[in-house]
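Engineer: following is a predicted model, sequence given first.
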Number of protein chains: 2
Amino acid sequence: MAGKVFFSVTMSLDGYVAPESPPVDGFLAPDKQNHPDVRRWMAQWAELQQWVFPLRFFRENLKLGEGGEEGRDNDIARETFERTGASVMGKRMFDLGEQSWPEEAPFHTPVFVVTHTERDPWERPGGTTFHFVDGIEHALTQAREAAGDRDVRIAGGGATILEYLNAGLVDEFSIALSPVLFGAGTRLFDGVDASRIALEPVRSEPSSRVTHLTYAAHPR
Amino acid sequence: MAGKVFFSVTMSLDGYVAPESPPVDGFLAPDKQNHPDVRRWMAQWAELQQWVFPLRFFRENLKLGEGGEEGRDNDIARETFERTGASVMGKRMFDLGEQSWPEEAPFHTPVFVVTHTERDPWERPGGTTFHFVDGIEHALTQAREAAGDRDVRIAGGGATILEYLNAGLVDEFSIALSPVLFGAGTRLFDGVDASRIALEPVRSEPSSRVTHLTYAAHPR
């Protein structure tokens, strides 16, 4: 049985999944993090993602140590991780992550990076191997094969998620709607082909910090 | 005890509270409604607001006849109406509504229209009287007085709501998040002064058709 293709993001109430990028090349590299614009970006990012950091699963997955909160938010974070047999990501997200993920990258599955640039697979400790593939459909085909009967997660960034959504390749998605307003940044649905996508509400579940929304996407 | 100042809108998942206006003057007037662009607007609007039309309260308030659905959506629509002692609206919303509200306008309270144009109060059957007031603060002061211990609703449109929100004059707001994507139109939070407004989640309640989100707004 083939798995689903899904994405799962945290979004501000005004529709942003990331703050406006600071005008600093490779801004997530450790030596850039004292730049005031980078610090502002990190603070906004942390505010958006504030529901994730206290979770037991988050601490465990990044090897930050024992403890952390259990409960529905934690279960949802863990379920999202466990259903994922392979991930797909855009080149920009990979480039930022390459500078900032820990040695043991937090995916623990094959990750297919959509890029025109050829590169040998990059194997990390802990089961994450990055494969570099040209074209969104090609990347998805390989990710499906690697995932087996588990699901494929379109990990990001926003532009890559939208390409898959507009191409009709996303079955389902989840949004953790965060109680913040950004006013600027990367909007998840900017450029969405609304005439072609109908949403079916699957689940809506409030937690104390966010509202977890799940929709199925259908052609219309 | 003074009431709260709130707004309550239905928003698409991508952040729109109205479709893109058709290029037709006074497009809600009865003689314009066969124009194809107006029909498209009406269809999108109806899709956004689809949770409201089947409700018993909606039918009752617009005197559309007996029947209609009860349940949580209906209770929420009724509670929103009953808490409202006075409304405030922008001139553009008033102009569109003047052409399309039934003889008995659906507010049944005083309504303060923010406009530079002087005009005598306009009294409608059923308890709705429109007052024309210059300036958002002046309009709000009068609405508060008229509302007594009930709440003041900033009825719309999007631009007027945002003016009140950015001025720090909104205590609380509710969004019925509708499972549709618009891709274009009037964005509720476009131009929000995110650096000045902090949100506190008050309530999040899914129904079968939408997710009802309520936040308190605080200065930050």
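Structural biologist: That came through fine.

Engineer: near chain B, which residues of chain A show up?
Structural biologist: A:13-15, A:175, A:177, A:179-184, A:187-189, A:191-195, A:197, A:199-201, A:203-206, A:208-211, A:213, A:215 (CB under 8 Å from any CB of the partner chain). C-beta here means a position set from N, CA and C on the backbone, and glycine is covered the same way.

Engineer: ok, now with 6 Å
Structural biologist: Counting by CB under 6 Å from any CB of the partner chain, the residues of chain A close to chain B are A:14-15, A:179, A:181-183, A:189, A:192, A:194, A:197, A:199, A:201, A:204, A:206, A:211, A:215.

Engineer: just the ones in strands from those residues, please.
Structural biologist: A:197, A:199, A:201, A:204, A:206, A:211, A:215 (DSSP state E).

Engineer: which SS class is the spatially most central residue of chain A?
Structural biologist: Nearest residue to the geometric centre of chain A (CA atoms, centre = their mean): A:A155, 3.5 Å. Look at A:A155: counting by DSSP: H, G, I helix; E, B strand; the rest coil, its state is strand.

Engineer: most neighbours of all the residues of chain A next to chain B, which one?
Structural biologist: Counting neighbours by other CB atoms under 10 Å in any protein chain shown, the top entry in those is A:G15, with 26 neighbours.

Engineer: please name the nearest non-neighbouring residue to that residue.
Structural biologist: Spatial nearest neighbour of A:G15, excluding adjacent residues (CB to CB, 6 or more residues apart in numbering or on different chains): B:G15 at 4.3 Å.

Engineer: now the two most distant members of the residues of chain A next to chain B.
Structural biologist: Using CB to CB, those span at most 27.3 Å, a distance reached by A:G183 and A:P201.

Engineer: and the contacts of the host helix or strand of A:F130?
Structural biologist: Following DSSP states H and E, one finds A:F130 within strand A:129-133. The contact list for strand A:129-133, computed with CB atoms under 6 Å, 6 or more residues apart in numbering or on different chains, reads A:110-113, A:115, A:119, A:121-123, A:139, A:142.

Engineer: buried subset of these, written for ChimeraX?
Structural biologist: Applying 16 or more other CB atoms under 10 Å in any protein chain shown to the contacts of strand A:129-133, the buried members can be selected in ChimeraX as follows:
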select /A:110,111,112,113,115,139,142
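
Engineer: which of the contacts of strand A:129-133 fall within helices?
Structural biologist: If you go by DSSP state H, the contacts of strand A:129-133 have A:139, A:142 in helices.

Engineer: let me have the contacts of strand A:129-133 in a markdown table, extended by distance to B:D171 and pLDDT.
Structural biologist: Shown next, in a markdown table, are the contacts of strand A:129-133 (distance: CB to CB, whole Å; pLDDT from 0 to 100):
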| residue | distance to B:D171 | pLDDT |
| --- | --- | --- |
| A:P110 | 50 | 98 |
| A:V111 | 45 | 98 |
| A:F112 | 48 | 98 |
| A:V113 | 47 | 98 |
| A:T115 | 49 | 97 |
| A:R119 | 54 | 96 |
| A:P121 | 55 | 97 |
| A:W122 | 52 | 96 |
| A:E123 | 54 | 96 |
| A:A139 | 48 | 98 |
| A:Q142 | 52 | 98 |
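
Engineer: need the contact list for the residue nearest to the centre of chain A.
Structural biologist: Here A:A155 is in contact with A:87, A:89 (CB under 6 Å, 6+ apart).

Engineer: low-confidence ranges in chain A?
Structural biologist: A:1 (pLDDT under 70).

Engineer: which stretches in it count as strands?
Structural biologist: Under DSSP E, chain A gives strands at A:5-12, A:16-18, A:84-90, A:110-114, A:122-123, A:129-133, A:151-156, A:172-178, A:186-187, A:197-206, A:211-219.

Engineer: distance to B:H131 added to these, as TSV?
Structural biologist: As requested, these are exported to TSV (distance: least, CB to CB, whole Å):
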stretch	distance to B:H131
strand A:5-12	36
strand A:16-18	38
strand A:84-90	53
strand A:110-114	57
strand A:122-123	67
strand A:129-133	63
strand A:151-156	50
strand A:172-178	37
strand A:186-187	38
strand A:197-206	38
strand A:211-219	37
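
Engineer: any idea which of those gets closest to A:N166?
Structural biologist: strand A:197-206 (7.6 Å).
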